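> Test case, fold it:
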Amino acid sequence: MRKLSVLAGIALLALPSLASAQEVTLKMGHAAASTHVFHAGLEIFAAKVAEKTNGNVKIEVFGDRQLGDDKQLLEGIQIGLIDGALVSSATLPLVLGAAPFDALQQPFTVSSYEQLSTVLTSDLGDELLGTLDEKNIKGLGFVEAGLRHFLAKDTTVTSLADFEGLKTRIVPIPLHKAIWETIGVNPIGMAYGEVYSALETGTIDAVEINVSSIKSESLYNAAKQVTLTGHYFWPGVIMMSGAVWDKLSDEDKAAVEAAGKEATAEAYALAASQEADTIAFLEENGVTINRLGDLDDLKALTAPVVTTWKEKDPMIAKFDEAFAQGR
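As a prediction, the model looks like this:
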């Protein structure tokens, strides 16, 4: 009888440790500054995950490239060295050969933040995330960095002719190369973390970028001419290593997926709300905000790239159709 009582006591003492053994803390990084909307969006996701899993899954967010740049994050996630990350969608075709994500970088196909959020939280968005399964990555949602515009060091760009020959940093994927060669710049592939010094030294004349990054990376100290082109949006993809994902319970998996969808909608609303204030901040810090007088001509010039790319992957065609229906 005494032996049974001792065993019962041990079992009771063990219960808390068994419960805590189900808990997991994951580290998730991104390549933007900790003041960037990417950081805020990933923190929204982390809070929702903690709430929906009742604390079973906790996420620590690391910005400022502490866990690496986009390429390093993707490579680390694939082999299980990094738990998860928020990675710019444009780098997925470059690093992973994930061609379907070019669907999110077609010039002038999306009409608004709200439209893109609606599509990305639909079954089509889930289908796109599902293409990462074969890469040993679990896609969970999206965070928006904002519409892409054009930042030049000294040149005032207000017409198509003003783009001609400008040494312009791009993400060196075939899609972006095709877009920017069509526009007439001299496209230069370069790591995101090198942009500030390259502008400062004149290694590049310009960069296509969102205003949120101009602010968070203090690029306004190195370049003073912004042209509001709004050529495409810049979604980041929330993802986890397949190895980490497989260790979660089915209940926690369902909760994390729900958190990803809710975080996507909130992150898009946040990015949309910040655009005007960020532009005002840049003006207050000596940046000239320009408009492109022949924006319709730029749209017409780049339209053939969209036609060409939607034939490259069925997913791109599906997204183009979804965006067209919403316009």
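
> what about residue 124, which SS state?
helix (DSSP: H, G, I helix; E, B strand; the rest coil).

> Strands of the stretch 101-250 of the chain, residue ranges please.
137-144, 148-152, 167-170, 186-189, 206-210, 225-228, 235-241 (DSSP state E, counting those that start in this stretch).

> can you redo the ones you listed as CSV with mean neighbour count?
Quick note: C-beta positions are derived from backbone N, CA and C, even for glycine. Shown next, in CSV, are these (neighbours: other Cβ atoms under 10 Å):
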stretch, mean neighbour count
strand 137-144, 27
strand 148-152, 24
strand 167-170, 21
strand 186-189, 16
strand 206-210, 24
strand 225-228, 20
strand 235-241, 27
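
> Among these, which comes closest to residue 76?
Each of the strands of the stretch 101-250 of the chain was checked against residue 76 via Cβ to Cβ, and the shortest separation belongs to strand 235-241, namely 8.1 Å.

> who's in contact with that closest one?
With Cβ atoms under 8 Å, 6 or more residues apart in numbering as the test, strand 235-241 has contacts from 26, 28, 30, 38, 41-42, 45, 77-78, 80, 82-89, 92, 101, 104, 116, 120, 129, 132, 136-145, 256, 260, 263-264.

> now do 7 Å
Residues outside strand 235-241 that contact it (Cβ atoms under 7 Å, 6 or more residues apart in numbering): 30, 38, 42, 45, 77, 80, 82-89, 92, 104, 120, 132, 137-145, 260.

> Of the residues you listed, keep whichever come out buried.
By the neighbour-count criterion of 16 or more other Cβ atoms under 10 Å, the contacts of strand 235-241 include these buried positions: 30, 38, 42, 45, 77, 82-89, 92, 104, 120, 132, 137-145, 260.

> now the closest residue to residue 63 other than its chain neighbours: how far from residue 256?
Sequence neighbours aside, residue 34 is the residue nearest to residue 63 in space, at 3.5 Å (criterion: Cβ to Cβ, 6 or more residues apart in numbering). Here the distance between residue 34 and residue 256 works out to 23 Å (Cβ to Cβ, to the nearest Å).

> between these two, who's got more neighbours?
The residue with more neighbours, out of residue 34 and residue 256 and counting by other Cβ atoms under 10 Å, is residue 256; that gives 26 against 15.

> So what touches the helix or strand hosting residue 316?
Here residue 316 sits within helix 314-326, counting by DSSP states H and E. Taking contacts as Cβ under 7 Å, 6+ apart, the residues outside helix 314-326 that touch it are 100, 102-103, 106, 109-111, 115, 119, 124, 128, 131, 306, 309-310.

> could you redo the last one with a cut-off of 10 Å?
By Cβ atoms under 10 Å, 6 or more residues apart in numbering, the residues outside helix 314-326 that reach it are 98-106, 108-112, 114-116, 118-120, 122, 124-125, 127-128, 131, 175, 306-307, 309-311, 313.

> Would you mark the buried spots in it?
Buried positions in helix 314-326, judged by neighbour count with 16+ other Cβ under 10 Å: 315-316, 318-320, 322-323.

> same thing with stretch 116-136?
In stretch 116-136, the ones that count as buried by 16+ other Cβ under 10 Å are 116-121, 124-125, 128-129, 131-132, 135.

> As TSV, these with distance to residue 209 and pLDDT would be great.
Formatted as TSV, the entries for the buried residues of stretch 116-136 read as follows, by distance: Cβ to Cβ, whole Å; pLDDT from 0 to 100:
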residue	distance to residue 209	pLDDT
116	18	97
117	21	97
118	25	97
119	23	97
120	21	98
121	25	97
124	27	98
125	24	98
128	24	98
129	25	98
131	26	97
132	25	98
135	27	95
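
> Let me know the distance separating the residue lying closest to residue 180 once chain neighbours are set aside from residue 210.
What sits nearest to residue 180 in space, not counting adjacent residues and going by Cβ to Cβ, 6+ apart, is residue 187, at 4.3 Å. Residue 187 sits 18 Å away from residue 210, going by Cβ to Cβ.

> Please apply the same query to residue 58.
Distance, residue 58 to residue 210, by Cβ to Cβ: 30 Å.

> sorry, back to before: wait, the residue nearest to residue 180 sits on residue 208?
Yes - A contact is recorded between residue 187 and residue 208 when judged using Cβ atoms under 10 Å, the distance being 9.1 Å.

> joint contacts of the two?
Overlap of the contact sets of residue 187 and residue 208 (by Cβ under 10 Å, 6+ apart) consists of 168-171, 176, 179-180.

> nearest to residue 201, of these?
Compare each of the shared contacts of residue 187 and residue 208 with residue 201 using Cβ to Cβ and the shortest gap goes to residue 169, at 12.6 Å.
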